[in-house]
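Participant: could you look at this predicted model? Sequence included:
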Amino acid sequence: MPCSHTSKEQEFLALEDFLHAVTDSLWHTLWDENGPSSFLIWCPRYSGSKFYTVEKAIARRRVVSLCGAALVSRNESDPHVRWDQVVHFAFFGPGIVNEDGFTLSASSICKALFFAAHIMLSRTLSKYTSASNDCVYVLVLHSTFGGVVKLEGNMGRLELLSGNPYLSVASWIINHAEDKVSQVDRIRKKLGNANWRDLGCLQIVLATYYSIVQWCGESNRSLMSLATDHNRRLHWRLGGEGEKMIIPFDHEVESVAIV
């Protein structure tokens with residue numbers, strides 16, 4: 001992710017690269033090692049907007065009005081991207097964190113819930129989508145921190161109240177849905193590269209994983225086996241089992257940290 005003083009164009013290019021890195025790594029590690037990824041990154045300006053690639057938005061001078069980036073399921077037979085193809089959505093912008101620095105702001109949570117409900121309703125009304133429509137993950141990000149909002153519920157219980165769709169969705173969320181909001185954590189290091197050990201990045205990776213499962217079914221490998229392999233490699237690199245250490249670490253700190 002970019003530093004906070006970069007331009008809007010650079011921020012969205014970095015956001016696109018970040019989401020591509022997460023998605024492609026998960027896909028090639030857990031689903032299909034050799035085949036192309038089944039997903040693309042497209043950006044809307046608002047919930048009812050058409051979708052743009054970042055390059056096209058920059059060329060048309062519309063990047064300033066982009067509100068985030070959507071992970072979209074490929075559809076080779078239809079060049080137009082629809083909201084019922086959205087696997088998960090990353091709401092991106094300033095002001096997402098409260099003053100305590102550990103929780104998402106009320107406005108960012110409300111926007112995330114609105115996008116989640118919009119995606120769920122689009123899936124429910126779709127003639128093409130076979131993905132689960134009872135749960136959506138929305139990433140809430142800016143250049144440094146991030147969190148996840150999850151909305152779950154049966155859209156069949158949505159009732160139109162007084163002809164007002166916003167009031168209707170709000171009533172459905174309050175009475176028939178369950179929402180969960182993660183804490184906020186750093187998702188990049190000071191140099192700008194993603195900090196994969198931080199909880200913020202791990203939350204985003206897991207939300208992306210479960211979103212892909214909704215569309216493609218369970219992965220060929222489990223996350224537990226992946227974590228076991230990683231721990232075994234890390235143990236060997238740190239000189240476990242009496243072997244010569246390959247990477248030095250500090251024995252005096254409470255938690256073993258790679259130098």
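Facilitator: Okay, I see it.
Participant: so what's A70 bridging to?
Facilitator: When bridges are called by DSSP bridges, A70 pairs up with W42, F89.
Participant: wait, it sits on F39?
Facilitator: No: under the contact definition of C-beta atoms under 8 Å, A70 does not touch F39, with a separation of 9.8 Å. Bear in mind the C-beta positions are built from the backbone N, C-alpha and C, glycine included.
Participant: shared neighbours, those two?
Facilitator: V87 (C-beta atoms under 8 Å, 6 or more residues apart in numbering).
Participant: which residue comes closest to V81 once chain neighbours are left out?
Facilitator: Nearest-residue entry for V81: F51, 4.1 Å, with adjacent residues in sequence omitted and distances by C-beta to C-beta, 6 or more residues apart in numbering.
Participant: any idea what the one you found is bridged to?
Facilitator: With DSSP bridges applied, the residues forming beta bridges to F51 are P44.
Participant: what residues are up against V169?
Facilitator: For V169, the contacting residues are 114, 117, 121, 158, by C-beta under 8 Å, 6+ apart.
Participant: scratch that, T29
Facilitator: Under the criterion of C-beta under 8 Å, 6+ apart, the contact partners of T29 comprise 221, 226.
Participant: now do the SS call for D100.
Facilitator: coil (DSSP: H, G, I helix; E, B strand; the rest coil).
Participant: that one: how many residues sit nearby?
Facilitator: When counting by other C-beta atoms under 10 Å, one arrives at 7 neighbours for D100.
Participant: sorry, back to before: who wins for most neighbours among the contacts of V169?
Facilitator: Neighbour counts for those were taken using other C-beta under 10 Å; the highest belongs to A117, with 26 neighbours.
Participant: what about that one, which helix or strand?
Facilitator: Secondary structure from DSSP states H and E places A117 in helix 106-125.
Participant: now do the buried residues in that helix.
Facilitator: By neighbour count with 16 or more other C-beta atoms under 10 Å, helix 106-125 contains the buried residues 108-109, 111-123.
Participant: parallel or antiparallel, list what pairs with the helix or strand following it.
Facilitator: Using DSSP H and E, the helix or strand that follows helix 106-125 in sequence is strand 135-141. Sheet pairing of strand 135-141 (DSSP bridges) gives strand 86-92 (parallel), strand 145-153 (antiparallel).
Participant: and the strands in the chain, which stretches?
Facilitator: Remark: strands of the chain, listed N- to C-terminal, are 39-44, 51-52, 68-73, 86-92, 135-141, 145-153, 177-181, 185-186; assignment by DSSP state E.
Participant: can you list those in a markdown table and add mean pLDDT, mean neighbour count and distance to S162?
Facilitator: Compiled in a markdown table, these are given as follows (pLDDT from 0 to 100; neighbours: other C-beta atoms under 10 Å; distance: least, C-beta to C-beta, whole Å):
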| stretch | mean pLDDT | mean neighbour count | distance to S162 |
| --- | --- | --- | --- |
| strand 39-44 | 94 | 22 | 27 |
| strand 51-52 | 92 | 21 | 31 |
| strand 68-73 | 95 | 22 | 30 |
| strand 86-92 | 95 | 25 | 28 |
| strand 135-141 | 95 | 27 | 25 |
| strand 145-153 | 93 | 23 | 21 |
| strand 177-181 | 95 | 15 | 20 |
| strand 185-186 | 82 | 18 | 40 |
